[in-house]
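sequence? don't have it. structure:
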Ligand SMILES: Nc1ncnc2c1ncn2[C@@H]1O[C@H](COP(=O)(O)OP(=O)(O)OP(=O)(O)O)[C@@H](O)[C@H]1O
């Protein structure tokens, strides 16, 4: 059985359908990234998976327990670690006292090991903590009872790049130990570095679930060409050329087509230099949602006009 199975999960807040008939499942031993822009419905899914909110329709199971079944959920709770998006600590206590309390509730076999990696200042009151320190305290809390499944809402927000990297390394080690990780993010780079698969949610609907490699491949490559004479968009009017931009003798575009066609087209020019890279994952994400930069620009422009008209 899958570690998480989401079946037609739907949550409406009045008129707003924050989760609309979601379907996906996550295998044991998988790191799954749940991606989407602000307000797309990620936290709503997570709150339902943890049993904090009841679905309007559909359901999900975590470690075999139906999220609508409080008793079943209680039985597996000890095997789940959870990091909320905005942890609501009692900030009058010290970090150490908070971990002591949590440890008494659910166990803390890995506390010291985690504190070697993430080092919140335990002797200080949580109210004096920086955002990053709070996040590290939350991470230690989420993992210290050695759960099989860890659910996290934007775990790296507030962590500096070194801590983020340490966190990614840690997640990969957890996966090697057979743990399952589900976390939400809107930082695509981090998802790419650590996840096996991603689910993309937009306006409450699941746009896709796929392997990170496939997602990147679909996004094409970023091509930069330096030619002796300036290259125009017309001269490279091929299938798969998107977002063409040029400045002087430097042109760049995203390419999802056949390289042989591209090189045949370029052979009409004296090429001084060419670079082919993976596109930034943000761009992959945007492409995935459809439209070229121009179309997206036009869409934004229309949105702005509508906003102006509404005033
Ligand atoms: N308790 C609530 N009552 C009413 N509407 C809500 C409630 N919680 C969330 N929403 C709405 O549901 C939608 C999804 O919100 P949600 O917090 O799940 O998104 P998110 O993807 O986690 O966003 P973010 O990345 O900003 O945290 C939004 O339109 C939000 O305004």
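Thanks, I have it. Note that the coordinates shown come from a computational prediction; the quantities given were computed from them, not determined experimentally. Numbers count the residues shown, from 1 in each chain.

Next, please give the residue ranges for the helices of the stretch 51-200 of the chain.
With DSSP state H, counting those that start in this stretch as the criterion, the stretch 51-200 of the chain has helices at 70-77, 95-106, 111-117, 131-143, 161-176, 188-194.

So which of those is the most surrounded?
Highest mean neighbour count among the helices of the stretch 51-200 of the chain (mean count of other C-beta atoms under 10 Å): helix 131-143, with a mean of 22. Every C-beta, even on glycine, is put in place using the N, C-alpha and C of the backbone.

Please report the distance of residue 169 from residue 175.
Using C-beta to C-beta, to the nearest Å, residue 169 is found at 11 Å from residue 175.

Select, out of the helices of the stretch 51-200 of the chain, the one closest to the ligand.
Closest to the ligand of the helices of the stretch 51-200 of the chain is helix 188-194 (C-beta to the nearest ligand atom; 13.0 Å).

That closest one near the ligand at all?
No: Helix 188-194 stays clear of the ligand (C-beta under 6 Å from any ligand atom), getting no nearer than 13.0 Å.

same question for that helix, mean pLDDT?
The average pLDDT within helix 188-194 is 79.

Show me what that helix is packed up against.
In terms of contacts (3 or more C-beta pairs under 8 Å, 6 or more residues apart in numbering; DSSP states H and E), helix 188-194 is packed against strand 31-35, helix 161-176, helix 212-218, helix 281-288.

How far off centre is the shortest one?
What it means is strand 31-35. Put simply, strand 31-35 sits 5 Å off its chain's centre (C-alpha atoms, centre = their mean, to the nearest Å).

and that strand with helix 161-176, angle?
Going by axes from the mean of the first three to the mean of the last three C-alpha atoms, to 10 degrees, strand 31-35 is angled at 130 degrees with respect to helix 161-176.

got the buried residues for the helix or strand just after strand 31-35?
Proceeding N to C from strand 31-35, the next assigned helix or strand is helix 42-49, under DSSP states H and E. Under the neighbour-count criterion of 16 or more other C-beta atoms under 10 Å, helix 42-49 has 42, 43, 44, 45, 46, 47, 48, 49 buried.

check whether helix 42-49 contacts the ligand.
Yes: against the ligand, helix 42-49 shows contacts by C-beta under 6 Å from any ligand atom at 42, 43, 44.

export those to a markdown table and tack on distance to residue 87?
Conversion of those to a markdown table gives the following (distance: C-beta to C-beta, whole Å):
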| residue | distance to residue 87 |
| --- | --- |
| 42 | 16 |
| 43 | 13 |
| 44 | 18 |
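
Tabulate these in TSV, adding columns for pLDDT.
As requested, these are exported to TSV (pLDDT from 0 to 100):
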residue	pLDDT
42	95
43	96
44	97
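
Could you tell me which residues of the stretch 51-200 of the chain lie near the ligand?
Residues of the stretch 51-200 of the chain lying close to the ligand by C-beta under 6 Å from any ligand atom are 85, 186.

Out of the helices of the stretch 51-200 of the chain, flag the one nearest residue 273.
helix 188-194 (26.0 Å; C-beta to C-beta).

pLDDT weak spots in this protein?
Applying pLDDT under 70 to the chain flags residues 280-311.

Tell me how it divides into domains.
Listed by automatic domain parsing, the domain ranges of the chain are 4-216, 219-303.

that older thread, which one of the helices and strands packed on helix 188-194 lies nearest to residue 249?
Checking the helices and strands packed on helix 188-194 against residue 249 by C-beta to C-beta gives helix 281-288 as the closest, at 23.0 Å.

Thank you kindly, that will do.
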